[in-house]
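Enquirer: I would like the atomic coordinates for the input below:
(2 chains)
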Amino acid sequence: MLKEKDYHLHDPTWCPGCGLFGVFASLKKAAVSLKIKPEDMVVVTGIGCHGRLNNYFKANGFHALHGRALPVATGAKLANSHLSVITVSGDGDAYSIGLSHFIHAVRRNIDLTYIVVNNMIYALTLGQTSPTSQVGFVSISTPLGSKEFPLDGPRMAFVSGGTFIARGFSGAPKQLSRLIEQGLQHKGFALIDVLSPCITHNKINTYDWYKENTYNINQKKGHDPKRRDLAWKALNGGDTFALGLLYQEERPSYNELVLPGKKSLVQSRTTVDRKEWDRILQKFE
Amino acid sequence: MITDISILIAGKAGDGVLFTGNVLAKILKRQGWKIVTYRYFPSNIRGEPTSYTVRSSLEKIHGRGDKIDVLMAFDCDAILEHIGALAASGVVLCEGRELVRLKSRDRKGKTFHAFPMRELAREKFGNEIYKNMILLGGLCYILDLDFQIITEIINETFLKKKGKDVVQKNIQAIHLGCEEAKKIVQRGERYLLKSRRDLSRLLMSGDEAIAFGALVAGCRFFAAYPICPATEIWQWLANYFPRFNGLVVQTEDELAAINMALGASYAGVRAMTSTSGPGASLMMEGFGLAGIAEIPVVVVDVQRVGPGTGMPTKSEQADMTQWIHGSHGDFPRIVLAPGTIQECFEFTIKAFNLADKYQCPVILLTEQDYGQNYRTVNKFSFSRVDLDRGKILTQKELLSLKDYKRYQFTRDGISPRALPSMRNGIHMVESNEHDVRGYRDESSKNRKKMMEKRMKKLKAARKDLIRPKIWGKSTADIGIIGCGSTFGPIQEAMEQLYYSGIETKYLQIRTLWPFLGTEVEDFIANCKQVFVVDNNYEGQLAYLIKSQMKQKKEIRHILNYSGHTFRPQDISGFIHKAL
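Expert: Numbering: from 1, shown residues only, chains lettered A, B, ... in the order given. Here you go, the predicted model:
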């Protein structure tokens, strides 16, 4: 039987108290509960503090270029659909430099789980304003306060045809690991935006701040993640963030649509026989 | 006897120039002629000048020639643009009302036929669209083309897509044009072509040859973003891949295209992407990732005119330096430059084997010229294609290892690969500098060793690369060096020089990087004068040679950055003057 320690390669060296510890623990928990063998798992990360995750997590890992985690993950999943592909990004990686890949992965409904560790700041580069930073946010890059409207990943996913949209909080690891589990089981693109405090550089959006400004939607009466109208309402909560599974819809994944035979590309025949060869070249005669 | 003839069809984009040219090329090809097509067209859909040359020869040809024999023009502007290239005895077919606009000095020595194609099309079919087939009919008379072959090709072109009625009308239009030409073209003004039905050759573009090569090489994943002039590779693969359980993905941009290909390759499938111009620049980032992560990938750059958006549908050789030295940081890469359709096919298979064996990016550097245009090539004979996947461990081998290290130091620098989902093969792929297991390691000791390990692979690859080829007499002391599309014009320029008493030899460089210096040094040492032919402004090939050459010797540059490829005369004329 697989245990959490089977996915634990090293103790992380993130700043003590970093939200990423919650993500790390939740991911291990979800993998245990779904009994995914480490060799069948690929964890692709981008650039940022989150990017170290697969240096600590025991599975196949791919630390991609800044913003390009999703295309790498997409290629790997399409080549071998047997793999459980989990992609982890930060808010800069996912919503700034990799935004285009994010939107198109959502549209494609590619079958993978995307965890965006959202700390509303660029932490690895020592504290610049990020695309999810709130208006007025003061940082070394915006000493006079951010003048830009914050970008909301889950909301963007919703209008781009997202089929699984969730928001977690690294201070609520039980809920988070459940969301990751659900995301992994979802056939299609699963977004889990994780509010995750950066205790070193972001003194505004702290654990306490998140506790005050979030609520669990799945405990709230009347929310049904299958209903678009309710999901949209939950996604537009004004100053507070709804945590939980916000929206889910069943739609064939890209993988199912483009490879209906269910045979992975790595299993494809790599040869062309004489008959095929001749028939193909006949077209050029 | 006519052994070489060039027919140019010219008009405005939207006139159907491309379509007419394609049909004509197919007819002549099936009549046993060797073909080179040459399109010069704008990067928009309607309104600007466009032209299509079909050069046919009984001799071996590899490029557009120097002169045009028959000019079929849809308007006066087209005549004015191309009359300079018209042979002294050339024939022009155009509508009377357009010919009126010509001045008498333009007409000197040439034959002009007023050919009422639009009028006939309206009269007979009530639709000007048939003007092209009427014009083609006129040409059929002039060249004495085989009606059976024409009918066959019209059938193949239209029957499935448009039905019997359209086939009939097109054939009627061709007959109509032929009858009209009989009335106006004198017997002595015809070019009666010898014809022998021949299906042994293929009419193929370099893009298509690369796509077929990729299929044969076992590539089953292709990701790309639409761009001229590389999209034909994708188009072809999109049609054929589904039958072989292969997949073509249209990505959001070239950044995604190369990274997706890397993801797929990492998971174990042979993967390719293709691009040009600005797309090649965007791919620089992922190119470096392939280098440090040691992931095999084949990238095709069908070069177009740059920089910026440049001239998207025109040809140039100005991306060489970028692929040889490009992306930040040092890493091993292999850059191949095929010069013919046959080489496009062969080098593609080779590229996949090299990528897998040396676990590095391999670039196939071609050009719009032979990328998008069609040429005849001897049918690729079926043979068992040798697919070398390099050091990929089997499950059994992996289980017998005590401690698998993805980036293990080895004598040749190549470390055995495990694929994700293999037991006992868990590993990390890092875009950061990493240790033997793939985990981030920024210590300077490790950095040095890892850098040397990666670069060492190129040393091992040297013996495996495609050597340069020498053409012409070895005793000649005038040397010409070129790569890619300059192959055809150089060959013909050598012939032209030979007839004027100048003997030359030619070194065709086929692997640009790593630079195979020995042959080049020897070649240059045995020449009194050396000319390097470059289809770019800065002389990128000459620059590369100079940077790698040990001996001091003057090298003359023959340059062209007009958006056109070289004509043989551009090269022979330059050498003539220089001597």
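Enquirer: domain ranges for chain B?
Expert: B:4-199, B:204-378, B:395-463, B:469-578 (automatic domain parsing).
Enquirer: check which helix or strand the residue of the stretch 101-250 of chain A found nearest chain B maps to.
Expert: Residue nearest to chain B within the stretch 101-250 of chain A: A:H104 (4.1 Å; CB to the nearest CB). Every residue, glycine included, has its C-beta placed from N, CA and C. A:H104 belongs to helix A:99-108 when assigned by DSSP states H and E.
Enquirer: which helix or which strand is home to the closest residue to the residue of the stretch 101-250 of chain A closest to chain B other than its chain neighbours?
Expert: Nearest residue to A:H104, sequence neighbours excluded (CB to CB, 6 or more residues apart in numbering or on different chains): B:E252, at 4.1 Å. Under DSSP H and E, no helix or strand contains B:E252.
Enquirer: can you pull the pLDDT of B:E252?
Expert: Note on B:E252: pLDDT of 98.
Enquirer: at the contact with chain B, which residues of the stretch 101-250 of chain A appear?
Expert: A:101, A:103-104 (CB under 8 Å from any CB of the partner chain).
Enquirer: residue 272: neighbour count?
Expert: Because you didn't say which chain, this covers chain A. When neighbours are defined as other CB atoms under 10 Å in any protein chain shown, A:V272 has 20 of them.
Enquirer: should've been chain B
Expert: 33.
Enquirer: what of the one 10 residues further on?
Expert: Applying the criterion other CB under 10 Å, we find 18 residues in the vicinity of B:L282.
Enquirer: what's the helix or strand harbouring it packed up against?
Expert: Secondary structure from DSSP H and E places B:L282 in helix B:277-293. Other helices and strands packing on helix B:277-293, by 3 or more CB pairs under 8 Å, 6 or more residues apart in numbering or on different chains; DSSP states H and E, are helix B:254-267, strand B:270-275, strand B:297-305, helix B:320-325, strand B:361-367, strand B:428-430.
Enquirer: taking the mean pLDDT, what do you get for it?
Expert: 98.
Enquirer: quick check: buried residues in it?
Expert: For helix B:277-293, a neighbour-count test (16 or more other CB atoms under 10 Å in any protein chain shown) marks B:277-293 as buried.
Enquirer: same check, this time on stretch A:6-18
Expert: The neighbour-count check on stretch A:6-18 (16+ other CB under 10 Å) flags A:7, A:9, A:12, A:14, A:18 as buried.
Enquirer: likewise stretch B:361-380?
Expert: Within stretch B:361-380, the residues scored as buried using 16+ other CB under 10 Å are B:361-377, B:380.
Enquirer: now do stretch B:455-469
Expert: Neighbour counts over stretch B:455-469 (16+ other CB under 10 Å) mark B:456-458, B:460-461, B:465-466, B:468 as buried.
Enquirer: any chance of those residues in JSON lines, with distance to chain A too?
Expert: Below are the buried residues of stretch B:455-469 laid out as JSON lines (distance: CB to the nearest CB, whole Å):
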{"residue": "B:K456", "distance to chain A": "23"}
{"residue": "B:K457", "distance to chain A": "21"}
{"residue": "B:L458", "distance to chain A": "23"}
{"residue": "B:A460", "distance to chain A": "24"}
{"residue": "B:A461", "distance to chain A": "22"}
{"residue": "B:L465", "distance to chain A": "23"}
{"residue": "B:I466", "distance to chain A": "22"}
{"residue": "B:P468", "distance to chain A": "29"}
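Enquirer: mind listing what the residue nearest to A:H104 touches?
Expert: Applying CB atoms under 8 Å, 6 or more residues apart in numbering or on different chains, one finds that B:E252 lies in contact with A:100-101, A:103-104, B:225.
Enquirer: of all the helices and strands packed on helix B:277-293, which one is nearest chain A?
Expert: Of the helices and strands packed on helix B:277-293, nearest to chain A by CB to the nearest CB is helix B:254-267, at 2.5 Å.
Enquirer: pull the distance from that closest one to the chain's centre.
Expert: Per CA atoms, centre = their mean, to the nearest Å, the displacement of helix B:254-267 from the mean C-alpha position of its chain is 24 Å.
Enquirer: with stretch B:199-209 instead?
Expert: 11 Å.
Enquirer: not counting it itself, show me its contacts.
Expert: Under CB under 8 Å, 6+ apart, the answer for stretch B:199-209 is A:281, A:284-285, B:25-26, B:29-30, B:34-35, B:212, B:229-230, B:232-233, B:236, B:274, B:302, B:338, B:341-342, B:344-345, B:348, B:366-367, B:370-380.
Enquirer: just after the helix or strand of chain B with the lowest mean pLDDT, pick out the following helix or strand.
Expert: Lowest on mean pLDDT, DSSP states H and E among the helices and strands of chain B sits helix B:104-107, with a mean of 82. Following helix B:104-107 in sequence order, the next helix or strand is strand B:111-114 (DSSP H and E).
Enquirer: go through that following strand and flag the buried ones.
Expert: The neighbour-count criterion (16+ other CB under 10 Å) identifies B:111-113 as the buried residues of strand B:111-114.
Enquirer: in its sheet, what does it sit against?
Expert: Strand B:111-114 has its sheet partners listed here by DSSP bridges as strand B:86-94 (parallel).
Enquirer: just the CA trace of the strand it pairs with, in PDB.
Expert: Presented in PDB, the C-alpha positions along strand B:86-94 are these (Å, rounded to 0.1, in the frame of the first residue of the first chain):
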ATOM      1  CA  LEU B  86      11.700  36.900 -71.500                       C
ATOM      2  CA  ALA B  87      14.000  35.100 -74.000                       C
ATOM      3  CA  ALA B  88      14.800  37.000 -77.200                       C
ATOM      4  CA  SER B  89      12.400  34.700 -79.100                       C
ATOM      5  CA  GLY B  90       9.800  34.500 -76.300                       C
ATOM      6  CA  VAL B  91       6.100  34.300 -76.800                       C
ATOM      7  CA  VAL B  92       3.500  36.300 -74.900                       C
ATOM      8  CA  LEU B  93      -0.200  35.400 -74.500                       C
ATOM      9  CA  CYS B  94      -2.500  38.100 -73.200                       C
END
